[in-house]
Every structure is written in C-alpha cells, then in structure tokens.
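# Next comes the sequence, and after it the predicted model I'd like to discuss.
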Number of protein chains: 2
Amino acid sequence: MRAPLETFSYEYPHPAVTTDVVVFTIRDTRLSILLVKRANPPHQGCWALPGGFLDIDEDLDTCAARELQEETGISGLYLEQLYTFGATRRDPRERVISVTYYALVPQDALATPRAASDAAEVGWHTFENLPPLAFDHAQIIEMAHRRLVAKLDYSTIALQFMAESFTLSELQGVYEILLNQPLDKRNFRKRVLSLGLIEETGGLRRSGKHRPAREYRARHPRRVEIIK
Amino acid sequence: MRAPLETFSYEYPHPAVTTDVVVFTIRDTRLSILLVKRANPPHQGCWALPGGFLDIDEDLDTCAARELQEETGISGLYLEQLYTFGATRRDPRERVISVTYYALVPQDALATPRAASDAAEVGWHTFENLPPLAFDHAQIIEMAHRRLVAKLDYSTIALQFMAESFTLSELQGVYEILLNQPLDKRNFRKRVLSLGLIEETGGLRRSGKHRPAREYRARHPRRVEIIK
DNA sequence: CCAAAAGTGTTCACCGTACACCCATGA
DNA sequence: TCATGGGTGTACGGTGAACACTTTTGG
C-alpha cells in the first residue's frame, strides 16, 4: 500500500499521465472524428486524438478540456470519461497512462477547428475511413464508438449532436446514421415526443421548395438523461 | 502534446498512479464490500479499498489484481475497470491518480480473506453500514454501487455472485437484495430461464426439512453478457 | 400542378406483470 | 401430518413494430 511520502517519490518511478479525447460529430451524413496531425515524434506526421500530458496541479477533466482547446480551438463541450488505457508499451518513450474522454458536438456549432499548439494540422475524418493512427488511438476510438452506440438505446445522448434548434427529420437522420438503419418516421416521432425531452420552439424551418418543418429544442440542452 | 523523452521527464513532474478495487459480495443477505485497515499514514487505522501503487512495468489490470492478492489474499476474480479519479488534493502526500476497478465474488467461493502486506486488517463491511473511509473511497464505492445496480438490468452480472451451482431461489434472493425489493417467483423464473444463460446441473440441493431444489449453473460462468 | 419533404393513426404481436395453489421432503 | 420452501400457468394491459396517405410549400 502507500508508503510515506519522502521515501516514495524516489523509490519508485512514476508513469506519465495524459488525457486524450474522442470528439464525434456528424458531417454531411457521416459520423466523423476530430484528429490532429502530430508535429513531433513519436509518430510524427501521423494522425492522433487531441490530448496531452496532465499538469501536476490540474484535474483530469480540466486537462482534457485544455488540451482539446489548445490543439483544436474547440471548447465548451461536455466531456465524459471513457476508459483508462495503460498497457506498458503503448508509448515508445516512457510509461504513459492515458485517461480518455469522449464528447459530441453539433454539426455546425463550432468554427472550423484550427490547428494550434504542437498539432501540425486538425481535421474531421469519417469513422468509416480513418487514417492510420498513432499509439493505441484506434482502439480508443473503437471503444468510444461502442459506448456511443450503446448509449443511444437508453439515453438522450444523440441530442448532443443537434444544434440549438432542429427538426424531427434531422434528429431522425442522426439516429439513422448512428444505428446504420432506416427508421419508421411515425414510430420515431411518437417515441421521441412521448419522452417529453424536447419541445417545439414555435418556429418553422424553411429549407427548400417543400413544406416547412417545425423546429424543436432540447428541454435540458446539456444534460444526458437515462431512459428506463 | 508529447515532448521528446529526454527533456520531458525532468521538465514536468509525473503524478503517482494507483489502482483501487471495490469487491462486492453477498454475506448473510447483505451486500458487502471488502475493506482493509490501513497500517501506515496517511489515514492510518482508517478503512480503505484494497489497492496500491502501479509498478512502472506493470499493466493496470495486473496491478489491481496483484494489490488485491497482496492485501487480502483474494485472487482469480474478473476485475472490470470502473473510473479514474484524479482530483488534485485527493491524497495529502502527493498527486495521485487512482484507476479503480470493481469485482463480484460468490458468497462462499473464497477462503476468509487474510490480512497481509501493509494492511493491518481485512474484513467485509455491509454497504449499508460502512465505516469512515480513507481518501475519496466512499465516492468510489458509491459509483461502483450505481454501476452494479445499473448493470443488473441489462446484463448477467448477478450470476457472478453465485457459487458454481445454485438454486433459483438463491439467485432470486440476490436480485432482491440488490434491487431492494421482493420479486414474483414465477415471473422471475420465467424470465431468467427464457434467457437461456443458465442450465440445470441435474443435481438437487437438499437443505432442510422441505422439498429439495434443483441446482443450476451458468452456461458461461465467467462471462458477463449484455441483454437487449 | 408537380415535386419534395412534413406530418399524422391504427392494428397486431409480444412481453412484463399480477396473481394462488399443489408438491416433495424431514421432522 | 405438518411445516417449510420448491415448483408451476394464465389472463391482462402496455409497448414496440408494421404500415400509407394527406398537407404544405416553392418552383
């Protein structure tokens, strides 16, 4: 168990701790993930999740948000912890424990991410067609995706993909992309409305040469609710 | 992002990393948790979760299993990662990141745990009546309990509380304790049998002056299956 | 008036729930 | 024969799934 402070720090080496974040969005009817191109070795020039080393006096959640902001310019997301990866050889430099997070962002809510910090480049990549990834980041993304799909079933997580106001068809489209199957319009509307988690804004969305759609908004925009 | 190895280790201090494990069992119709009494400061003499510092060349899962074995003599459990706690002041000595796990053990499957290593004492404590706990371990237990109860609904996790063979009444009793409510016998049996995850051993359990009960076993003893 | 997406109800099958009595055994 | 827990079936209501046509707008 824990030894006294004085002896401990010198007797045993500490591993490095990082956070990495999987940011999902839906772009052009594709589930997409935010990646940065590494400016430094190892895996220089390779794509990776935004993330980096924990400051010694910084909370884990804060670190994840800060690194995301520094490397991509994106902030204000609700980050949820996913899993902690710590295989002994996952980083060639030294022992690194990565506490990973995931987040969802609305299609249009963010300015195009901008490269910053020591990321050479930032960009969205479709989940179906990811480039080779640094470290064990492919494995991290896979787990985040499984979690996302699982949560669709029993939470309102999908609302986080939506802009402040949205139409029911747009929401249905998001579910169809994530579940990768078409849904019945009437059943979908009945179910989602009966949950009482969204409400009409009163506005209409006029988008093309057809009937305008009613606009809705989440009643509790930030909150992910569990459905039983 | 990640700096070259040589510069890094000296420029930035690394936090310590520990694992802690919440082991649940059911003893005498009470949900119980395995705790160790701390032999050393800080919180000397206080009860805490079994756990300890990560060796620099050791996987996280291995560390959790090793510390559990060293401090309590219990081994061979299926440990599932729960959450990583890293608040800056959660340990008074230095910055400590704790990767936590939880596990379930059958009522009778283990020899009474024995104190070892630097645990002064080991013992089971009922969830409803826990002693004051070291660090943020009360918070960790609370999260583990929420996860356990949530998983009852959509997985076969409760089977992990059962011995190799068990009766349906015993299994029902476990559910009743965990859900804290009585269940209908016929409905319970119908549902659990229709899932096809347990099978009769053919044996009978003779326990008292009444009709013997059929013995069952899990078809996939170690596996936690997700039910949809 | 035509094209395109929005909006709307009903039927049916299945599942979870409520509910009460007989059975096998040991004392 | 009695006390104790083991074991069994049916009826009902609610929920999820299948399914097609009318409405509103812009061009």
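Arrived safely. Numbering: from 1, shown residues only, chains lettered A, B, ... in the order given.

# Please name every helix or strand in contact with the lengthiest strand in chain A.
Counting by DSSP state E, the longest strand found in chain A is strand A:16-27. Applying 3 or more Cβ pairs under 8 Å, 6 or more residues apart in numbering or on different chains; DSSP states H and E, we find strand A:16-27 packed against strand A:30-38, strand A:51-53, helix A:60-72, strand A:96-104, strand A:119-126, helix A:137-154. Every C-beta, even on glycine, is put in place using the N, C-alpha and C of the backbone.

# Run a quick check on A:T100 versus A:F85, I expect a contact.
Yes. A:T100 lies in contact with A:F85 (Cβ atoms under 8 Å); the separation is 6.4 Å.

# picking up where we left off before, out of the helices and strands packed on strand A:16-27, which one sits most buried?
Comparing the helices and strands packed on strand A:16-27 on average neighbours per residue, with mean count of other Cβ atoms under 10 Å in any protein chain shown, the densest one is strand A:96-104 at a mean of 25.

# Direction included, what does that strand pair against?
Strand pairing for strand A:96-104, determined by DSSP bridges: strand A:16-27 (parallel), strand A:80-85 (antiparallel).

# would TSV of those with mean neighbour count and mean pLDDT be doable?
Shown next, in TSV, are the strands paired with strand A:96-104 (neighbours: other Cβ atoms under 10 Å in any protein chain shown; pLDDT from 0 to 100):
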stretch	mean neighbour count	mean pLDDT
strand A:16-27	23	97
strand A:80-85	20	98
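
# so which of the ones you listed comes closest to DNA strand C?
Nearest of the strands paired with strand A:96-104 to DNA strand C, taken as Cβ to the nearest atom of the strand: strand A:16-27 at 15.8 Å.

# how about the closest one as CSV, C-alpha atoms only?
Extracted C-alpha coordinates of strand A:16-27, given in CSV (Å, rounded to 0.1, in the frame of the first residue of the first chain):
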residue,chain,number,x,y,z
ALA,A,16,3.4,9.9,-17.2
VAL,A,17,-0.3,10.6,-17.4
THR,A,18,-2.1,12.0,-20.4
THR,A,19,-5.7,12.7,-21.4
ASP,A,20,-7.0,12.0,-24.9
VAL,A,21,-10.4,13.0,-26.3
VAL,A,22,-12.6,11.4,-28.9
VAL,A,23,-14.8,14.1,-30.4
PHE,A,24,-17.7,12.9,-32.5
THR,A,25,-19.8,14.9,-34.9
ILE,A,26,-22.0,14.3,-37.9
ARG,A,27,-20.8,15.9,-41.0
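
# could you check the angle strand A:119-126 makes with that strand?
50 degrees (axes from the mean of the first three to the mean of the last three Cα atoms, to 10 degrees).

# Who are the contact partners of A:L179?
A:V149, A:L152 (Cβ atoms under 8 Å, 6 or more residues apart in numbering or on different chains).

# Flag every residue of chain A that's near DNA strand C.
For chain A, the residues in contact with DNA strand C (Cβ under 7 Å from any atom of the strand) are A:167-169, A:185-187, A:189-190, A:208-214.

# again, 6 Å this time
Taking Cβ under 6 Å from any atom of the strand, the part of chain A that reaches DNA strand C is made up of A:167-169, A:185-187, A:189, A:208-211, A:213-214.

# pLDDT below threshold where in chain A?
Low-confidence segments of chain A (pLDDT under 70): A:1-11, A:109-112, A:115-119.

# change it to 90
A:1-12, A:39-41, A:107-121, A:153, A:207-208, A:221-223, A:225-228 (pLDDT under 90).

# Domain-wise, how is it divided?
Listed by automatic domain parsing, the domain ranges of chain A are A:13-153, A:155-218.

# Run a quick neighbour tally on A:G73.
A:G73: 17 surrounding residues under other Cβ atoms under 10 Å in any protein chain shown.

# Distance of the closest residue to it other than its chain neighbours relative to A:E70?
With Cβ to Cβ, 6 or more residues apart in numbering or on different chains as the criterion, A:G73 has its nearest non-adjacent residue at 4.4 Å, and that residue is A:R114. Look at A:R114 and A:E70: by Cβ to Cβ, to the nearest Å, they are 11 Å apart.
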